[in-house]
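Undergrad: Model the structure of this input:
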Amino acid sequence: MVNENFSMYEVTPNTLALISNKIDGRYVTQLLEDREYYYIKKSPSKVMDLACKFFGSSLKGRQDGVKDMCNFSNKVPICIDPSSGMYFFPTSSPQNANCSWVAHSHIDQIKKLRSQSTQITFKNGQSIVLAISHGSLLNQIQRTAQYRYLLDKRIKYLMQTNNADMVAESN
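TA: Prediction:
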């Protein structure tokens, strides 16, 4: 199914990956879901930006926050929404049209295929092959785990203090 309008589809906790595909000379996104997939006539990074905006930020805003928190400088993982566990990482620079985004929490196994190809098997048994080296993918998974840990630690700290309500109300 090809959707031209993003409002017809939202990135959800069931989204496994946003895969860059070239169709008729144009890059589109194949959104891989738990049980189905969709094509959207926007790049994966544009779809990610729209998903971030749905939750009140932007892709750039999320990336800037992660860069400050983790001292990452490129291929920054992001959290669309921490309450629903939607953490994604890019397979290359998000400025590249061939950049795909993978949901960290759905990965079960990865397998090196060729020097620049890796197979990802998701927890539901689905597999995809992406043009990313095994080492680079391992690095992206580790960086996303580090970011998740740090963000979760901050959120838990705020929730443990009795000032959490006052912090939100003081603005």
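
Undergrad: can you pull out the strands in this structure?
TA: 2-3, 15-23, 26-33, 37-40, 78-81, 86-90, 101-103, 107-114, 117-122, 127-130 (DSSP state E).

Undergrad: closest one to Tyr157 among those?
TA: Closest to Tyr157 of these, according to C-beta to C-beta: strand 78-81, at 16.3 Å. For the C-beta atoms, the positions are set from N, CA and C on the backbone; glycine is no exception.

Undergrad: where in this structure is pLDDT low?
TA: Residue ranges of the chain with pLDDT under 70: 1-8, 162-171.

Undergrad: ok, longest helix in it?
TA: helix 134-160 (DSSP state H).

Undergrad: quick one, that one and strand 86-90 angle?
TA: On the basis of axes from the mean of the first three to the mean of the last three C-alpha atoms, to 10 degrees, helix 134-160 is oriented at 150 degrees to strand 86-90.

Undergrad: In terms of position in space, what residue lies nearest the middle of the protein?
TA: Nearest to the mean C-alpha position of the chain, counting by C-alpha atoms, centre = their mean, stands Phe88 at 1.9 Å.

Undergrad: For that residue, list each beta-bridge partner.
TA: Note on Phe88: beta-bridge partners by DSSP bridges are Ile78, Ala103.

Undergrad: Many thanks, I have nothing further to ask.
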